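Engineer: got a predicted model here, sequence first, then my questions.
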Amino acid sequence: MSTSVSTSNQRTTAPPNPAHRWVWPITAMTFVLGMFIALAMKTEKLVLVSDSPSSNLAGIVKAYQSLKQTVNGQQARIQQLQNELTKATSDTGSDGQITKQLTEARFLAGLTKVSGPGVVVTLNDSDKRPPSNLPNAISNDLTSMYIIHDVDIQRVLNELRAGGAEALSINDQRVVATTSVRCVGPAIQVNGVPLTPPFRICAIGEPQSLDTTLKLPGGIGEMLRSTDASMMSVIEKPSMVLPAYAGVQTRYAKPQ
């Protein structure tokens, strides 16, 4: 909202603070940095576990060198972005308001590690199975009740948010605005990364409030425990650390 003063029935508007022009460029640069770090990590892993395109030793060496060059290039780009981010941040000078806005923007984007009290919710498939003498159709439906699905995780996340959760992660995958949770075969993908049970959901917030929210009548907690009490557990934590969002490479959406 612009600040204005009124003198002699005339209204003038104070010019915007020029330092504010740094907020969104720095935020965008931070987001891009996160994406490059994630891409470098994935490529490094590919170097280590990728199947060889050829059983020939020369083919193995060539494939490794190619992937290693890709990793080195990404690491150099990451270092360049880090240097640019450091310079851009220092250019904001001693303006405490700009620094505060930058910190808040990075926090809201999930690009920084965060710590605080909260709860750890563990979801796991049940060892129980329906009686073997039931018809296949009924048996399959009942078996599905003993398995954790993506909708179960989504309901837990929603209830934690309703209970005041300020930061969330699933098996060390930070949950942000763009995070998707969906079943893909036997696994559940979070941020495009396949995860298998048990699913460890960490939520930072007031521990007792979060715990109480998950125990409300008719909620996901009551539903899972009525099927098998071992499918869901909640532990309050006085302090824990959630990782930063690693980021994914975008093809179409670009910061403005």
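Structural biologist: Arrived safely, thanks for sending. Numbers count the residues shown, from 1 in each chain.

Engineer: sec struct for Tyr252, please.
Structural biologist: Classification of Tyr252 by DSSP: H, G, I helix; E, B strand; the rest coil places it in coil.

Engineer: neighbours around it, how many?
Structural biologist: Around Tyr252 there are 4 other residues, counting by other Cβ atoms under 10 Å. Glycine gets a C-beta too; all of them are placed from N, C-alpha and C.

Engineer: repeat for Ser226
Structural biologist: Neighbours of Ser226 (other Cβ under 10 Å): 10.

Engineer: which SSE is it in?
Structural biologist: Using DSSP states H and E, the secondary-structure element containing Ser226 is helix 220-227.

Engineer: mind listing residues that contact that helix?
Structural biologist: 123, 126, 145-146, 152, 155-156, 159, 214-216, 231-232, 234 (Cβ atoms under 8 Å, 6 or more residues apart in numbering).

Engineer: which stretches in the stretch 151-256 of the chain count as helices?
Structural biologist: 207-213, 220-227 (DSSP state H, counting those that start in this stretch).

Engineer: poorly predicted segments of the stretch 151-256 of the chain, please.
Structural biologist: Scanning the stretch 151-256 of the chain for pLDDT under 70 picks out 247-251, 255-256.

Engineer: where along it do the strands fall?
Structural biologist: Ranges of strands in the stretch 151-256 of the chain, per DSSP state E, counting those that start in this stretch, are 167-170, 173-175, 181-184, 187-190, 193-195, 199-204, 232-242.

Engineer: right, so of those, which gets closest to Asp141?
Structural biologist: Smallest distance to Asp141 across those (Cβ to Cβ): 16.3 Å, for strand 181-184.

Engineer: report the buried residues of the closest one.
Structural biologist: Val181 (16 or more other Cβ atoms under 10 Å).

Engineer: same question for stretch 111-129.
Structural biologist: Buried residues in stretch 111-129 (16+ other Cβ under 10 Å): 111-112, 114, 116-121, 123-126.

Engineer: could you do stretch 136-154 as well?
Structural biologist: Quick answer for stretch 136-154 (16+ other Cβ under 10 Å): Met145, Tyr146, Ile148, His149, Asp150, Asp152, Ile153.
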